[in-house]
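>>> Using only what follows, build the 3D model:
(2 chains)
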Amino acid sequence: MTLEEIHARLTEKFGDAIEPWAPPEKGDAWVEVKRDSWREVAEALRNDKDLAFDFLRCLSGVDYVDWMESVYHLFSYKHEHEAVIKVKVDRSDPKVASVVDLWPAADWHECESYDMVGIVYEDHPDLRRILLPEDWEGYPLRKDYKQPDEYHGISNW
Amino acid sequence: MPDLESIPETPEELIEDAVQDPKERRRYLGLMDQIKSEGLGSSVAIVPLDGALNWARKSSVWPMTFGLACCAIEMMAVGGPRYDLDRFGCGAFRATPRQADLMITAGTVVYKMAPRVQRLYEQMADPRYVMAMGACTVGGGPYYKYGYHVVKGVDKIIPVDIYVPGCPPRPEALLDAMFRLQEKIQYQRNLKVRYFTN
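Model (predicted):
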C-alpha cells in the first residue's frame, strides 16, 4: 500500500482524527494524527491485517518553534510497506500517549525524545533522562535553549 | 625520539641516562672509574637513587584502558603491532585504575561522565600521570562552541601532565607524547629527604 492508501484506510476508520492528505512540495509525505486519538490509531496500525506495522524504525521528537511533534517511522515486514506518522503537540502541554506496549523499540526512543525536547509520554513505564545527567535542567534540542554557564561548578566555557 | 640502541646496558650508560646535570654526571663517572680500578667495574653502578628510580618508572608506565570515544581507536592502534607501545614498556594496559600509572583520557568527556573520571583518577595510586589525548580532552575540541554537554577540556576536572592535540592524534603523535612524559618522569625529584643527603 502506498502512503496515500494507508491514509485513506485510516481516514475510513477514524475519520476526524486523521488530518487531510497534504503532501509537501519537496520531501516525504506523512500522515498526521490528532494527539487525543493517537493511541487508538497506533493500535489499529499494528493490529489491522492490511496495515500490520510490526516494526517501529524510529521515534523522534522535533521542535518546530510554534509547536512540537512526535514523529514515528513504521515498517511492515508482512506487507513490506512503510509509513511516516506525525503527532502534533502544543508547546505548553507536550503530552503524547506512549506506544511502548505496542512496539518495544519505543522505550528508549521516547526517553530520548523526553530528554532532548521535553515531550512527556503518558503511561511510559520509566520515563527519565537517558543521555544527559539526571539533574540537568532544560531541554537542549528546543530552539530556544540556552547553554548553561556551568554545571556543578565546572565552567562550560 | 630516543632510539632503541640507547637503552642503558652498561653502568656508564645508566649513569648517562639517569643523571642529566653534566657536573653531577662527571662526578658519578669519576666514581665509576674509581670502582673500576678497584676491580668491581661491570657489576657496580653509582647513580643517585632518584635517577635510577625514575629510569625504572619511566620504562614501565602502565596505562589504563580509558577509551571513551574515537581516540580510543587510535590508542588501540598504538597498542597494536605497527606502532607498538609495548616496546617502550607501556604495553600492559590495566583495566583497573588501582594498578595503572597513566590515565590516557582518549575521547570526549561529557558532564555525565565527569564525576566518574574524577573518581577513577582518585583511585589511581601515586605516582600517577594523566595524558589528555585528542582535541576534546585538550580544550573541548569540535564541541567547544555548541557542545552544552561536553566538558571543555579534561583539565577542568583532573590535573593533566601531557596534552596531545589532534582529532584524532596520529599514533606517532601519541608516541611522541609518551616520550615527553618519559622525559618529565626522568626529571622528577621525589627523594628530597634530608637524611639521604650529606
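>>> Up against chain B, what does chain A have?
Within chain A, the positions adjacent to chain B are A:131-133, A:136, A:140, A:145, A:147-148, A:151-152, A:154-157 by C-beta under 8 Å from any C-beta of the partner chain. Yep, even glycine has a C-beta here, placed from its N, CA and C like the rest.
>>> do that again at 10 Å, thanks
By the rule C-beta under 10 Å from any C-beta of the partner chain, the part of chain A lying against chain B is A:129, A:131-134, A:136, A:138, A:140-141, A:145-148, A:150-157.
>>> Which entries within the residues you listed meet the buried criterion?
Buried members of the residues of chain A next to chain B, scored by 16 or more other C-beta atoms under 10 Å in any protein chain shown, are A:129, A:132, A:136, A:140-141, A:151, A:156.
>>> ok, A:E43 - contacts?
Contact analysis of A:E43 by C-beta atoms under 10 Å, 6 or more residues apart in numbering or on different chains lists A:99, A:101-102.
>>> repeat that for 6 Å
Shown in contact with A:E43 (C-beta atoms under 6 Å, 6 or more residues apart in numbering or on different chains): no residues.
>>> Give me the pLDDT for it.
Per-residue pLDDT puts A:E43 at 93.
>>> Equivalent analysis for the one 5 residues further on, please.
In the prediction, the pLDDT value recorded for A:D48 is 91.
>>> What are the buried residues along stretch A:37-45?
A:37-39, A:41-42, A:44-45.
>>> Need the CA coordinates for it. CSV is fine.
Provided in CSV are the C-alpha atoms of stretch A:37-45 (Å, rounded to 0.1, in the frame of the first residue of the first chain):
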residue,chain,number,x,y,z
SER,A,37,-6.7,9.7,19.4
TRP,A,38,-3.1,8.6,18.8
ARG,A,39,-3.4,5.6,21.0
GLU,A,40,-6.3,4.0,19.1
VAL,A,41,-4.7,4.8,15.7
ALA,A,42,-1.5,3.2,16.9
GLU,A,43,-3.3,0.1,17.9
ALA,A,44,-5.0,-0.1,14.5
LEU,A,45,-1.7,0.5,12.7
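>>> gap between the helix or strand bottoming out on mean pLDDT in chain B and the chain center?
The helix or strand with the lowest mean pLDDT-type score in chain B, counting by mean pLDDT, DSSP states H and E, is helix B:11-18 (a mean of 80). Here the centre of helix B:11-18 is set off from its chain's centre by 20 Å, with C-alpha atoms, centre = their mean, to the nearest Å.
>>> And it, what does it pack against?
When contacts are defined as 3 or more C-beta pairs under 6 Å, 6 or more residues apart in numbering or on different chains; DSSP states H and E, helix B:11-18 sits against helix B:49-58.
>>> what angle do the helix it packs on and helix B:11-18 make?
Comparing the axes of helix B:49-58 and helix B:11-18 via axes from the mean of the first three to the mean of the last three C-alpha atoms, to 10 degrees yields an angle of 80 degrees.
>>> ok, which stretches of the chain are strands?
This is for chain A. Secondary structure of chain A (DSSP state E): strands at A:31-33, A:55-64, A:67-75, A:82-90, A:95-97, A:120-122, A:150-151, A:154-155.
>>> not quite, I wanted chain B
Using DSSP E, strands in chain B cover B:63-64, B:102-106, B:129-133, B:162-164.
>>> And B:C70, how far from chain A?
Computed as C-beta to the nearest C-beta, to the nearest Å, the B:C70 to chain A distance reads 18 Å.
>>> show me the contacts for that residue.
B:C70 makes contacts with B:P168, as judged by C-beta under 6 Å, 6+ apart.
>>> thought A:I6 was touching A:A83?
Yes: counting by C-beta atoms under 6 Å, A:I6 touches A:A83, with 5.4 Å between them.
>>> need the residues of chain B near chain A, please.
B:111-112, B:148, B:156 (C-beta under 6 Å from any C-beta of the partner chain).
>>> got those as TSV, with pLDDT columns?
Shown next, in TSV, are the residues of chain B next to chain A (pLDDT from 0 to 100):
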residue	pLDDT
B:Y111	94
B:K112	93
B:Y148	92
B:K156	93
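>>> burial measure for the closest residue to B:M64 other than its chain neighbours, as a count.
Spatial nearest neighbour of B:M64, excluding adjacent residues (C-beta to C-beta, 6 or more residues apart in numbering or on different chains): B:A100 at 3.6 Å. For B:A100, the tally of surrounding residues (other C-beta atoms under 10 Å in any protein chain shown) stands at 24.
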